[in-house]
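**Q** predicted coordinates and the sequence they were generated for:
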Amino acid sequence: MTKNIIQHNYSISKEDRNKKNQHQSLVVWFTGLSGSGKSTMANRLEKRLFREGISTYSLDGDNIRSGLNKGLGFSREDRHENNRRIAEVAKLFVDAGIVTVAAFISPLEEDREQAKDIIGKENFVEVFVNTPLEVCEERDVKGFYEKARKGEIKNFTGISSPYEPPENPDFEIKTVEESAEEAIERLYQFLQQKLKL
Ligand SMILES: Nc1ncnc2c1ncn2[C@@H]1O[C@H](COP(=O)(O)OS(=O)(=O)O)[C@@H](OP(=O)(O)O)[C@H]1O
Ligand SMILES: Nc1ncnc2c1ncn2[C@@H]1O[C@H](COP(=O)(O)OP(=O)(O)O)[C@@H](O)[C@H]1O
């Protein structure tokens, strides 16, 4: 419980920052299996937005799990807490006027819903990087699937831990049917409308 905390009302609002930046701020939240293409997509999207002069920042495992969320593992509870803190950070970035690109497995519907509630559904764009498990396993970019199959990594998403595909994502990318370039161009067009003031 938060006791004896009285909120201070700051004079500069999100709207002021959006006006200054000349675009809305929101979170583009990529979800998908390990190796589905989340980081590849997130990175390309950020580059595309940046090129257009949009203020952006990327959150992903590298800067979150090794810093803020150091010590959290891959149990259901730890993933829940991982995703909750990411959503709280993303909310601050949105308030700061920044288009925030988040790429996390975020395997459970409940945790993605929580993120949407924290960030606010009007500021939240859920992108499902829909790549079949067989393809991710075949790619095995980091060699983790092989280890997970051997039982050397526990609770591995898709193998020994669940992934619940989003039922109604705002946007879906099927990486086996579409090139990364095509998908990002389509996503950029989709976002353009939402980014307008
Ligand atoms: N047990 C297990 N299950 C899934 N993934 C694992 C696991 N152990 C380590 N990794 C590596 O951690 C990356 C996923 O971290 P996330 O923070 O995105 O996961 S989650 O949202 O909390 O579920 C994930 O990165 P990506 O491959 O980029 O998805 C893995 O490299
Ligand atoms: N259309 C595509 N979109 C994204 N990634 C693709 C695509 N086709 C092949 N890949 C490859 O799949 C791998 C995805 O890895 P990565 O982006 O790190 O996934 P994740 O962040 O979901 O773990 C990369 O090696 C990437 O080159």
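**A** Arrived safely, thanks for sending. Ligands and ions are numbered 1, 2, ... in the order given.

**Q** from here on, contacts and neighbour counts on C-alpha atoms
**A** Fine.

**Q** could you check the worst-scoring helix or strand of the chain on mean pLDDT against ligand 1 for contacts?
**A** Ranking every helix and strand in the chain by mean pLDDT, DSSP states H and E puts helix 61-63 at the bottom, with a mean of 85. Yes - using Cα under 6 Å from any ligand atom, we find that helix 61-63 touches ligand 1 at residue 61.

**Q** list the contacts for residue 112?
**A** Taking Cα atoms under 8 Å, 6 or more residues apart in numbering, we find residue 112 in contact with 83, 106.

**Q** quick check, it in a helix?
**A** Yes - under DSSP: H, G, I helix; E, B strand; the rest coil, residue 112 sits within a helix.

**Q** hey, where'd the helices end up in this protein?
**A** 14-21, 38-51, 61-63, 76-95, 109-119, 133-139, 144-149, 180-195 (DSSP state H).

**Q** okay, buried residues for the second one please.
**A** Under the neighbour-count criterion of 16 or more other Cα atoms under 10 Å, helix 38-51 has 38-39, 41-46, 49 buried.

**Q** the last one too?
**A** When neighbours are counted by 16+ other Cα under 10 Å, the buried residues of helix 180-195 are found to be 180, 183-184, 187-188, 191, 195.

**Q** ok, and which of the residues you listed reach ligand 2?
**A** residue 180.

**Q** how about the buried residues of helix 180-195, which pair is most distant?
**A** 180 and 195 (21.4 Å; Cα to Cα).

**Q** ends of stretch 103-117, how far apart?
**A** Across stretch 103-117, the terminal residues are separated by 18 Å (Cα to Cα, to the nearest Å).

**Q** and ligand 1, is it touching that?
**A** Yes - counting by Cα under 6 Å from any ligand atom, ligand 1 has neighbours in stretch 103-117: 104-107.

**Q** including neighbour count, pLDDT and distance to ligand 2, could those residues go into JSON lines?
**A** Output for the residues of stretch 103-117 next to ligand 1, formatted as JSON lines (neighbours: other Cα atoms under 10 Å; pLDDT from 0 to 100; distance: Cα to the nearest ligand atom, whole Å):
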{"residue": "104", "neighbour count": "22", "pLDDT": "98", "distance to ligand 2": "8"}
{"residue": "105", "neighbour count": "24", "pLDDT": "98", "distance to ligand 2": "7"}
{"residue": "106", "neighbour count": "24", "pLDDT": "98", "distance to ligand 2": "11"}
{"residue": "107", "neighbour count": "23", "pLDDT": "98", "distance to ligand 2": "12"}
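
**Q** sweet, I'm off.
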